[in-house]
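> Here you go, sequence then predicted model.
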Amino acid sequence: MSDGRTLRQRVLSGESLVGTFLNLGSPAAAEVCARAGLDWVLIDLEHGAAGDDDLLAMLHAVAGSGAAALVRVEQGTRLRVGRALDLGADGIMVPRIESVDEARELVSWLRYPPAGVRGVALFTRGLAYGAGGHGTVAPRNDEIVGIAQVEGRAALGAVDELAALDGIDVLFVGPADLSHALGIPGGIDHPDYLAAIDSVGRAARAHGKAAGVLLWRPEDVDRYLDAGYTFFSLSSEGALLQQQMRSGAEALRGRIGSRRA
């Protein structure tokens, strides 16, 4: 939970942070997760059920929980990134970053001029509807978390340069995409995958950034801790719900069956 520092300050200090992806598109589920003691939650507009019409309600649901609200946009464009930030996102994840030029452009969308090209509009939720005036614009640049996903060979080849960019705060591995890109679908125990996550961790550490990953199982965290990762997603709320319902249903049926035997 937050201690008064922004999520970006905590990320760059090397603190280990835990969150989850929100895939159900449900404000109620978002609020439950945000109040469960997580450091952050991420509204997934790329693969989740939420769309533009759901985003504001989900951001409202997270507000006041102590968890930071992040958004994964469908694709990296100035308008998509700016829209999520104007609605109050604390950070942006962009999928499938392939080059340093793409990442540099992403950073420019996260920041107001002169540091970037984000459009200035005071009357937005992201700037408290203008309550602080123009003096709040520049400081906001330092609060937004920039997360670039490392999901393919091109990004792996440029990982050190990506980590060196000011404004790319987290290099985030997507195990499904990355393992498929490496030709080992789902093979997170394969030497090639392990070498890839090691390279991401080294680059992040070398430049004072965080390496992050979506965990399929809590016990997988050990390998990433060993590689220097500090930014962890505990699966997604939808996957965790399904897992718990299956486990609970199996346990209940087993108990019923044993009583009838």
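Good, I have the coordinates.

> So residue 18 lies in a helix, does it not?
No - under DSSP: H, G, I helix; E, B strand; the rest coil, residue 18 sits outside any helix and is assigned strand.

> Bridged to it, which residues?
residue 232 (DSSP bridges).

> could you measure it against residue 63, distance?
Distance, residue 18 to residue 63, using CB to CB, to the nearest Å: 19 Å. In this view, the C-beta of every residue, glycine as well, is placed from N, C-alpha and C.

> just residue 86 next, same as before
15 Å.

> So between these two, which is more surrounded?
residue 86 (16 against 13; other CB atoms under 10 Å).

> Need phi/psi at that one.
phi -60, psi -30 (degrees, to the nearest 10).

> Hmm, it is touching residue 125, no?
Yes - shown here, residue 86 and residue 125 form a contact pair, counting by CB atoms under 8 Å, at 6.8 Å.

> can you give me the helices for the stretch 101-250 of the chain?
137-141, 153-157, 159-164, 175-181, 191-206, 221-226, 237-260 (DSSP state H, counting those that start in this stretch).

> Residue 97: which of those helices is closest?
helix 153-157 (5.6 Å; CB to CB).

> Counting by contacts, list what that closest one packs against.
Secondary-structure packing of helix 153-157 (3 or more CB pairs under 8 Å, 6 or more residues apart in numbering; DSSP states H and E): strand 145-150, helix 191-206.

> now, of the ones you listed, which is deepest in the fold?
strand 145-150 (a mean of 26; mean count of other CB atoms under 10 Å).

> Within the sheet, what are the partner strands of that strand, with directions?
By DSSP bridges, strand 145-150 pairs with strand 91-94 (parallel), strand 170-173 (parallel).

> Report the distance from the last one to the chain centre.
Centroid separation between strand 170-173 and its chain, computed with CA atoms, centre = their mean, to the nearest Å, is 8 Å.

> quick one: contacts of it?
11, 93, 145-151, 159, 162-163, 196-197, 200, 203-204, 209-214, 231 (CB atoms under 8 Å, 6 or more residues apart in numbering).

> any weak-confidence spans in the stretch 1-150 of the chain?
Where the stretch 1-150 of the chain drops to pLDDT under 70, the residues are 1-2.

> wait, residue 15 sits on residue 230?
Yes - taking contacts as CB under 8 Å, residue 15 lies within contact range of residue 230: 6.7 Å.

> circling back to that earlier point, any idea which of the strands paired with strand 145-150 gets closest to residue 101?
Proximity to residue 101 (CB to CB) singles out strand 91-94 among the strands paired with strand 145-150, at 13.1 Å.

> Figure out which of the helices of the stretch 101-250 of the chain is closest to residue 49.
Taking the helices of the stretch 101-250 of the chain one by one with CB to CB, helix 237-260 is closest: 8.2 Å.

> Quick one: residues contacting the residue nearest to residue 94 when sequence neighbours are not counted.
Using CB to CB, 6 or more residues apart in numbering and skipping residues adjacent in sequence, the residue nearest residue 94 is residue 76, 4.1 Å away. By CB under 8 Å, 6+ apart, the residues touching residue 76 are 94-95, 97, 102, 105-106, 109.

> how far away is residue 76 from residue 148?
For residue 76 relative to residue 148 (CB to CB), the value is 9 Å.

> that older thread, pull out the buried residues from the contacts of residue 76.
Buried subset of the contacts of residue 76 (neighbour count, 16 or more other CB atoms under 10 Å): 94-95, 97, 102, 105-106, 109.

> Minimum distance to residue 40: which of the helices of the stretch 101-250 of the chain has it?
Comparing these under CB to CB, the one sitting nearest is helix 237-260, at 12.9 Å.

> buried set for that closest one?
Those would be 237-238, for helix 237-260 by 16+ other CB under 10 Å.

> Repeat that for stretch 170-186.
Those would be 170-175, 177-179, 181-182, 184, for stretch 170-186 by 16+ other CB under 10 Å.
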